[in-house]
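[1] pasting the structure only:
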């Protein structure tokens, strides 16, 4: 991507379908630009339902997800390619 490190936070009060549309667009519309989302933070209270849905949407777009230990299993419940985050 570009030189930006853009974040999206998904709150527990979110409408999941709308959030997924925004996230897919922010990641896939123009992935080489500096405003492409690179980091997604998800409220732990909705992670169990949101992350598998996110995995499905990202798989359909060909996106590989990088996840920490807390999100890894939930994302792997869906069809997307998911890899563990490596410390930098």
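    Cool, the structure landed. These numbers come from a predicted model, not from an experiment.
[2] show me where this protein has strands.
    Ranges of strands in the chain, per DSSP state E, are 6-10, 37-42, 65-67, 82-84.
[3] partners of the last one, with directions?
    Strand 82-84 sits in its sheet next to strand 65-67 (parallel), going by DSSP bridges.
[4] Show me the contact partners of the helix or strand of the chain with the lowest mean pLDDT.
    Using mean pLDDT, DSSP states H and E, the weakest-scoring helix or strand in the chain turns out to be helix 69-76, at a mean of 92. Outside helix 69-76, the residues within contact range by CB atoms under 8 Å, 6 or more residues apart in numbering are 42, 44, 47-48, 51-52, 54-55, 65, 67, 82, 84. Where C-beta positions appear, they are placed from N, C-alpha and C, glycine not excepted.
[5] Kindly reformat the strands of the chain as TSV containing mean neighbour count.
    As requested, those are exported to TSV (neighbours: other CB atoms under 10 Å):
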stretch	mean neighbour count
strand 6-10	14
strand 37-42	16
strand 65-67	18
strand 82-84	14
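[6] Rebuild the ones you listed as JSON lines, extending it with distance to residue 29.
    What follows is those, written out as JSON lines (distance: least, CB to CB, whole Å):
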{"stretch": "strand 6-10", "distance to residue 29": "12"}
{"stretch": "strand 37-42", "distance to residue 29": "10"}
{"stretch": "strand 65-67", "distance to residue 29": "17"}
{"stretch": "strand 82-84", "distance to residue 29": "22"}
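[7] Cheers, nothing more for now.
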